[in-house]
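**Q** Give me coordinates for this.
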Amino acid sequence: MPASVIDFCAQLQAADGVLIASPEYAHGVTGVMKNALDWAVSGEEFVGKHIALFNTSPRASHAYAALKEIVTVMSGRIVDEASITLPLLGSQLDAAGIVAHPEMSLMLRTAITEFTRSINAATIQQP
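**A** Below you'll find the model as predicted:
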């Protein structure tokens, strides 16, 4: 494996959870995202790992569904309460605009809070 892939997999393994935000391309996951996940599919980086999926367009349902399937096959634990769809398509908002937007910032805060809660609850339950 290339050194960059070894590093990527090591970072995944060390993480308490993984937040994945991917655009949709041609009704699917982008090639870059699929390639990254394919490098980890034969390992144990996702096994039992808490995963949050962020979708940036209500119309991008194909990639979101594909990511759910891929992560589930890799034995990741999708945290539904932390997986959200933000209506960013056409909004022209940058990072500061998203933070300032009342509904979107609330959605993000809630998702991240739920993601953290899920990870912390699992950590407490471990022997």
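
**Q** Report the central residue of this structure.
**A** By C-alpha atoms, centre = their mean, the chain has its centre lying nearest to Ile20, at 2.1 Å.

**Q** Name all residues that make contact with it.
**A** 33, 51-54, 67, 71 (C-beta atoms under 8 Å, 6 or more residues apart in numbering). Using the backbone N, CA and C atoms, a C-beta is placed for each residue, glycine as well.

**Q** out of those residues, which one sits closest to Ala82?
**A** The nearest member of the contacts of Ile20 to Ala82, counting by C-beta to C-beta, is Ala52 at 3.8 Å.

**Q** any idea how far the nearest residue to that closest one once chain neighbours are set aside is from Gly17?
**A** In space, Ala52 comes closest to Ala82 once its chain neighbours are excluded; the distance is 3.8 Å by C-beta to C-beta, 6 or more residues apart in numbering. To Gly17, Ala82 is 8 Å away according to C-beta to C-beta, to the nearest Å.

**Q** Give the pairing partners of the worst-scoring helix or strand of the chain on mean pLDDT; include direction for each.
**A** Least confident element among the helices and strands of the chain, by mean pLDDT, DSSP states H and E: strand 24-25 (a mean of 88). Note on strand 24-25: by DSSP bridges, its sheet partners are strand 28-29 (antiparallel).
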